[in-house]
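Peer 1: Give me coordinates for this.
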Amino acid sequence: MYGREVAEIHDDLNSSRGKNYRSEAEYIAEVVRRHRPGARSLLDVGCGAGGHLEHFAELFEHVEGLELSQDMLTAARAKLPAVPLHPGDMRDFRLEQRFDTVVCLFGSVGHTRTEDELRDTFACFARHLTPGGVILVEPWWFRDRFLDGYVSGDVVRTGSRTIARVSHTTGHGDSSTMRVHFLVADRENGVRHFEETYEHRLFRRDQYESAFAAAGLEAGYIEDVQGGRGLFAAVVREERS
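Peer 2: Below is the predicted model of the structure:
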């Protein structure tokens, strides 16, 4: 998934479909500073092609990104040559630096397959926090909000390219499968077609909350932001005597 052909059109396509990376990044920075005034550093886990990260770079003194897809990293590096970008898996990565905030957006955390993997992911995030830091996670759709059989379609023009995207998402047990077809037309290459399949786990809200707690984190949930999926904000849980 997230191969070269998608990586090269990813952010332009989503922006043309109505996703406002800048306003989302500004909102995330606002939430971060509610919990950690003066936050200076940020790690974007699952940074993709850098759509949010290029704006985070204007909002924080130091930013870095982590991404599993090498093709997405290549696209992000072209956009952000001065930003450290690391290949890595959100479930188990080790960087030498800690950050005032760790963010994971666009439902990327839904690619974890089990509750154990979700707990490992949040524990890994927590290990990369400075004291008093905050973790922000945009979940994939909760099981009770998921629309089985959902169909989406868009035709957009970005620069010299016209892109058509059609998707169909189905549920099976605790997981969802999104099949996406793309048609891309431009002067140089004519029309080309490719497709990708994305698997996500449909965790319940309480499963996210339990996974945060298992990692020693106390999480609050902000309803109806980030396109309706909401946002978890988590900090290290204070020990009570």
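Peer 1: Start from the N-terminal end of this structure and give the strands.
Peer 2: For the chain, strands defined by DSSP state E occupy the ranges 41-45, 62-67, 85-87, 99-104, 129-137, 150-158, 161-172, 175-186, 190-201, 217-222, 231-236.
Peer 1: for these, which one sits closest to residue 17?
Peer 2: Nearest to residue 17, of all the strands of the chain, is strand 150-158, at 5.0 Å by C-beta to C-beta. In short, each C-beta sits where N, CA and C put it, glycine included.
Peer 1: Could you tell me which helix of the chain is the longest one?
Peer 2: helix 21-35 (DSSP state H).
Peer 1: and that helix, what's its mean pLDDT?
Peer 2: Mean per-residue pLDDT for helix 21-35: 97.
Peer 1: In that helix, which residues are buried?
Peer 2: Neighbour-count burial for helix 21-35 flags 21, 24, 25, 28, 29, 31, 32, 33, 35 (criterion: 16 or more other C-beta atoms under 10 Å).
Peer 1: which other helices and strands contact that helix?
Peer 2: The contact analysis (3 or more C-beta pairs under 8 Å, 6 or more residues apart in numbering; DSSP states H and E) places helix 21-35 against helix 4-16, helix 53-59, strand 99-104, strand 129-137, strand 231-236.
Peer 1: hmm, back to that, looking at the strands of the chain, spot the one closest to residue 114.
Peer 2: So among these, strand 190-201 is nearest, using C-beta to C-beta, at 7.5 Å.
Peer 1: coming back round to it: for the buried residues of helix 21-35, give me a markdown table that also has distance to residue 181.
Peer 2: Shown next, in a markdown table, are those (distance: C-beta to C-beta, whole Å):
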| residue | distance to residue 181 |
| --- | --- |
| 21 | 24 |
| 24 | 26 |
| 25 | 29 |
| 28 | 31 |
| 29 | 35 |
| 31 | 35 |
| 32 | 36 |
| 33 | 40 |
| 35 | 40 |
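Peer 1: So which of the residues you listed is the closest to residue 235?
Peer 2: Nearest to residue 235 among the buried residues of helix 21-35: residue 35, at 6.0 Å, using C-beta to C-beta.
Peer 1: Just list the residues touching that closest one, thanks.
Peer 2: Applying C-beta atoms under 8 Å, 6 or more residues apart in numbering to residue 35 gives the contacts 134, 233, 235.
Peer 1: residues touching the spatially most central residue of the chain, list them.
Peer 2: Nearest residue to the geometric centre of the chain (C-alpha atoms, centre = their mean): residue 105, 2.8 Å. Residue 105 makes contact with 24, 28, 44, 46, 52, 136, 138, 226, according to C-beta under 8 Å, 6+ apart.
Peer 1: ok, now with 10 Å
Peer 2: The neighbourhood of residue 105, defined by C-beta atoms under 10 Å, 6 or more residues apart in numbering, consists of 21, 24-25, 28, 44-48, 51-53, 136-138, 226, 229, 231.
Peer 1: sorry, back to before: what's the most buried one of the helices and strands packed on helix 21-35?
Peer 2: Stretch with highest mean neighbour count among the helices and strands packed on helix 21-35: strand 99-104 (a mean of 26; mean count of other C-beta atoms under 10 Å).
Peer 1: Having no further points to raise, I will conclude here.
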